[in-house]
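> Fold the following, please.
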Amino acid sequence: MTTPRGLDDLMNALRCLPGVGPRSAQRMAYHLLQRDHEGAQRLADSLDYALQHIRHYEKCNNFTEEIVCELCSSQQRDASLLCVVEMPADLLMIEQAHCYKGLYFVLMGRLSPLDGIGPRDIHLTRLMKRAQDGVVKEVVLATNFTVEGEATAHYIGEMLHGKALKVSRIARGLPVGGELEHVDSGTLAQAVIERREV
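The predicted model follows:
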């Protein structure tokens, strides 16, 4: 028995989502068609709207619907600080922590030669232009502490070396409220190495 072409197309379309394989896509498609027509319509409308109205803002590379992104246009932000993050979700986490008042640049990825992701794929030319705009004084590298994130931070640090900019890297260490006996040895070692004077 063959599935209707429209259903097959829907299942194949859902497979473009990360972590969604053939079975998950099939379950989602059947659920939307059988139990949640309203949800399916909302999803379709939201995707259509997003594709037509959301774009990358050239200055920070983040997603925006406006001509200038909200953070970049804010007079409350310190334009001399530029925090480099991998993804918009990382930017949101920093914002929710209320610990940073500068501006951002979102790479939309990280260097990963094994996956074919190189410097062009994460907009490093655009980052260099932004970092050297005469306003930025410090670039804070806030990529993840994965092999790829570390390689990306190192690569960017090397690119910015000798450009009359302060380049810093967010620190690693123990989680707030964490107990030493429950922390992995790598994290504990890094916390000792990056200790600060009190």
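> Could you tell me the end-to-end distance of stretch 55-70?
End-to-end distance for stretch 55-70: 13 Å, by CA to CA, to the nearest Å.
> Averaged pLDDT, that stretch. What do you get?
Averaging pLDDT along stretch 55-70 gives 90.
> which parts of that stretch are buried?
By neighbour count on 16 or more other CB atoms under 10 Å, the buried set for stretch 55-70 is Y57, K59, C60, N61, N62, T64, C69. To be clear about C-beta, it is placed using only N, CA and C from the backbone, and glycine gets the same treatment.
> Could you check how far that stretch is from the centre of its chain?
With CA atoms, centre = their mean, to the nearest Å as the basis, stretch 55-70 stands 14 Å off its chain's centre.
> Would you agree L141 is in contact with V167?
Yes - L141 is within contact range of V167, at 6.8 Å (criterion: CB atoms under 8 Å).
> anything in contact with each of those two?
I156, G157 (CB atoms under 8 Å, 6 or more residues apart in numbering).
> Now Q52: phi and psi?
Torsion angles at Q52 (phi, psi; degrees, to the nearest 10) stand at phi -90, psi -30.
> residue nearest the centroid of the chain?
M87 (0.5 Å; CA atoms, centre = their mean).
> sec struct for A171, please.
coil (DSSP: H, G, I helix; E, B strand; the rest coil).
> For it, list the residues it contacts.
By CB under 8 Å, 6+ apart, the neighbours of A171 are E194.
> What does the pLDDT read for it?
For A171, the model assigns a pLDDT of 85.
> I'd like the distance between it and T64.
30 Å (CB to CB, to the nearest Å).
> so where's the chain shaky on pLDDT?
Along the chain, the parts satisfying pLDDT under 70 run over 1.
> for it, longest strand please?
Using DSSP state E to assign secondary structure, the strand with the most residues in the chain is strand 78-85.
> then that one to CSV, C-alphas only?
The C-alpha coordinates for strand 78-85 follow below in CSV (Å, rounded to 0.1, in the frame of the first residue of the first chain):
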residue,chain,number,x,y,z
ASP,A,78,27.6,48.9,25.8
ALA,A,79,28.6,49.0,22.2
SER,A,80,32.3,48.6,23.1
LEU,A,81,31.7,45.0,24.2
LEU,A,82,31.0,42.3,21.6
CYS,A,83,30.1,38.8,22.8
VAL,A,84,30.5,36.1,20.2
VAL,A,85,28.1,33.1,20.6
